[in-house]
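Participant: here is my input; please provide its structure:
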Amino acid sequence: MRQFVKTPECRDEIIKLQRTAFSGLERAPDGIIHDIYGQPETQVYVARGQTVGMEIPPLMGYALVTKKLNVGFDDEPYIWSIAVREESRKQGVGGYLLDEIACTAREEAYAGTILICKADNDAAISVYKKHGYEVVRTLKRYYLTGDGLLMRRKV
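Facilitator: Predicted structure coming up:
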């Protein structure tokens, strides 16, 4: 499932999924996704469905991981965006992506991985905690629509 080969087609699929997974003010503009995706240090993780014939299977979920965030853990991989297609949720796809990211971080000798999520996103927080993430601190008014939670997983 690990994918570090960045193609325009994969980027476009990620943008399309990001548009449907995040609504309104929570969604990053397409240009930001292009910028993050294009940075040399960004790692791209994708989960795809079953291959049928010669067709590329559909994108079930993705994660974009960078190493630039100013929250006190600058030396650790930061999950900039992670999303799972609605019909693929509750099938372990998000957890699989999180575990792959942690595995890579461990292989690269990092102490942990970090992410920020909306403080009222109970479903995401539950998945993150199930996969070893703990709340480090609340980031007041991090989002236009509310607070964020800085979460960290030791690897």
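Participant: quick one: the strands in this protein?
Facilitator: Using DSSP state E, the strands of the chain run over 43-48, 59-66, 78-84, 112-118, 134-143, 146-154.
Participant: ok, which of those strands comes nearest residue 18?
Facilitator: With CB to CB, the closest approach to residue 18 among these belongs to strand 78-84: 5.9 Å. Backbone N, C-alpha and C define where each C-beta goes, glycine included.
Participant: what is the worst-scoring helix or strand of the chain on mean pLDDT packed up against?
Facilitator: Least confident helix or strand, the chain: helix 30-38 with a mean of 83, by mean pLDDT, DSSP states H and E. Judged by 3 or more CB pairs under 8 Å, 6 or more residues apart in numbering; DSSP states H and E, helix 30-38 is in contact with helix 8-21, strand 59-66, strand 78-84.
Participant: where does pLDDT dip in the protein?
Facilitator: Residue ranges of the chain with pLDDT under 70: 1-6, 24-27, 51, 54, 68-74.
Participant: so which residue of it lies furthest out from the middle?
Facilitator: In the chain, the residue that sits farthest from the middle, by CA atoms, centre = their mean, is residue 53; the gap is 28.8 Å.
Participant: any idea which residue sits dead centre in this structure?
Facilitator: residue 82 (2.3 Å).
Participant: which residues are in contact with it?
Facilitator: Neighbour list for residue 82: 61-64, 94, 97-98, 115 [criterion: CB atoms under 8 Å, 6 or more residues apart in numbering].
Participant: list the beta-bridge partners for it.
Facilitator: Taking DSSP bridges as the rule, residue 82 bridges to residue 63.
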